[in-house]
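**Student:** Here's my sequence, what's the structure:
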Amino acid sequence: MTDPQSAPLSLRHNVIVCVHNGLSDVTQCLNALRDHWTGSGLDTLLIVDDCSAEETSTFLDTFCEAFEAATLIRLDQQHFYTKAANRGLRFSQADLHTLLNSDTIVTAGWANSIRRIFEVDKNVGIAGPMSNAASTQSLPHVKSKDGQTAINHLPDGMGPDHFARAVRGLAAGLTIPYVPVVHGFCYTIHQKVIDRIGLLDEDTFPTGYGEENDYSFRCEDAGFALAIALDCFVYHAKSRSYSKDQQQSFTKAGQAALVKKHSMQRIENAIATMEAQPSLRTLREKVLAYWPEHDFLGTASRETSA
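**Tutor:** This next block holds a predicted model:
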């Protein structure tokens, strides 16, 4: 992969974070964005507050007052993720728009690595990074020990930035993976895609959970490429904005809507393609070999210090 710090980057790039409670994760997410903002080439941080409770709402006010790159968009009633994300996309004025989950932690150089994908290939419409918990973009395991989506724990005492530096080195020389879908936890859309196919489908996926897969398929059908920045790692804690029962309900509804719109065959083909993609598979193997003694799927604390 190309050094993410080399060569000029010309695309204007905004970040959109939709928030509904989850103060602890939101604090880590926004603080990491702020700490890595200088030199990132990013323009504006748009925070969409989807009717959070007072504690989170007050924190967002304080954060935006102190961080001049941030703009707060406050919704007076809960819209849920897809409508909140579309509100941010409508407001954003840029070439690239990154929809970033509020339970993520970005790392040094992340935005430059994402932007590089669009600079290298002008046909790319959507791009995303690697993570510890992002389905087939996960490192090193895609599935957990019980066959569910994996949540990989970082090596003991290692924070996201340290792990990201190692991943960047391991990704050197690997070919950019072109893929059928990109995980929505950190989802960068080029404005040309929005101009062609519109926004996320908030009618079919009102609460999220499937809307990014639908958008990925629509993007591909419109003739754009989708790609992964192997040298970019963004930590994902997994959603805490909703209760477990809500998540299960939203996931079930989203999956049913996705199958109805695109067919189970297309979904299964996309998953199989992602799991077998040579560069993604090679990077997973390299991470396992680099930390042979660490049980990534074992019990570990959510330590996210740098």
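
**Student:** how about the CA coordinates for the helix or strand hosting R165, as CSV?
**Tutor:** Using DSSP states H and E, R165 sits in helix 160-171. Listed next in CSV are the C-alpha coordinates belonging to helix 160-171 (Å, rounded to 0.1, in the frame of the first residue of the first chain):
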residue,chain,number,x,y,z
PRO,A,160,-5.8,1.2,18.6
ASP,A,161,-3.0,3.5,17.4
HIS,A,162,-0.3,1.0,18.3
PHE,A,163,-2.2,-1.8,16.6
ALA,A,164,-2.9,0.4,13.6
ARG,A,165,0.8,1.1,13.1
ALA,A,166,1.5,-2.6,13.0
VAL,A,167,-1.3,-3.3,10.5
ARG,A,168,-0.1,-0.5,8.2
GLY,A,169,3.3,-2.2,8.1
LEU,A,170,1.8,-5.7,7.5
ALA,A,171,-0.4,-4.3,4.7
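
**Student:** Report the buried residues of the helix or strand containing Q247.
**Tutor:** Under the criterion of DSSP H and E, Q247 resides in helix 244-262. For helix 244-262, burial by neighbour count (16 or more other CB atoms under 10 Å) applies to 247, 250, 253-254, 257-258, 261-262. C-beta coordinates here come from the backbone N, C-alpha and C atoms, glycine included.

**Student:** I'd like to know which elements that helix is packed against.
**Tutor:** helix 211-221 (3 or more CB pairs under 8 Å, 6 or more residues apart in numbering; DSSP states H and E).

**Student:** Can you list the helices and strands that the helix it packs on packs against?
**Tutor:** Using 3+ CB pairs under 8 Å, 6+ apart as the test, helix 211-221 ends up in contact with helix 81-91, strand 124-130, strand 186-190, helix 191-197, strand 225-233, helix 244-262, helix 264-276.

**Student:** what would those look like in TSV with distance to N152 and mean pLDDT?
**Tutor:** Listed next are the helices and strands packed on helix 211-221 as TSV, based on distance: least, CB to CB, whole Å; pLDDT from 0 to 100:
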stretch	distance to N152	mean pLDDT
helix 81-91	24	98
strand 124-130	10	98
strand 186-190	16	98
helix 191-197	30	98
strand 225-233	11	98
helix 244-262	19	87
helix 264-276	15	97
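
**Student:** between these, which one is nearest to T62?
**Tutor:** Among the helices and strands packed on helix 211-221, helix 81-91 comes nearest to T62, with 20.1 Å by CB to CB.

**Student:** Export stretch 197-215 to CSV, keeping only CA atoms.
**Tutor:** Extracted in CSV, the C-alpha atoms of stretch 197-215 (Å, rounded to 0.1, in the frame of the first residue of the first chain):
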residue,chain,number,x,y,z
ILE,A,197,-28.3,7.1,-6.8
GLY,A,198,-29.4,9.4,-4.0
LEU,A,199,-29.2,8.8,-0.3
LEU,A,200,-29.6,5.8,2.0
ASP,A,201,-33.0,4.1,1.7
GLU,A,202,-34.6,5.3,4.9
ASP,A,203,-38.1,3.9,4.0
THR,A,204,-36.9,0.3,3.6
PHE,A,205,-34.3,0.5,6.4
PRO,A,206,-35.7,3.1,8.9
THR,A,207,-33.6,1.9,11.9
GLY,A,208,-30.4,1.0,10.0
TYR,A,209,-29.1,-2.6,10.1
GLY,A,210,-28.8,-3.4,6.4
GLU,A,211,-28.9,0.1,4.9
GLU,A,212,-25.2,0.1,4.0
ASN,A,213,-25.3,-3.3,2.3
ASP,A,214,-28.3,-2.0,0.2
TYR,A,215,-26.4,1.2,-0.6
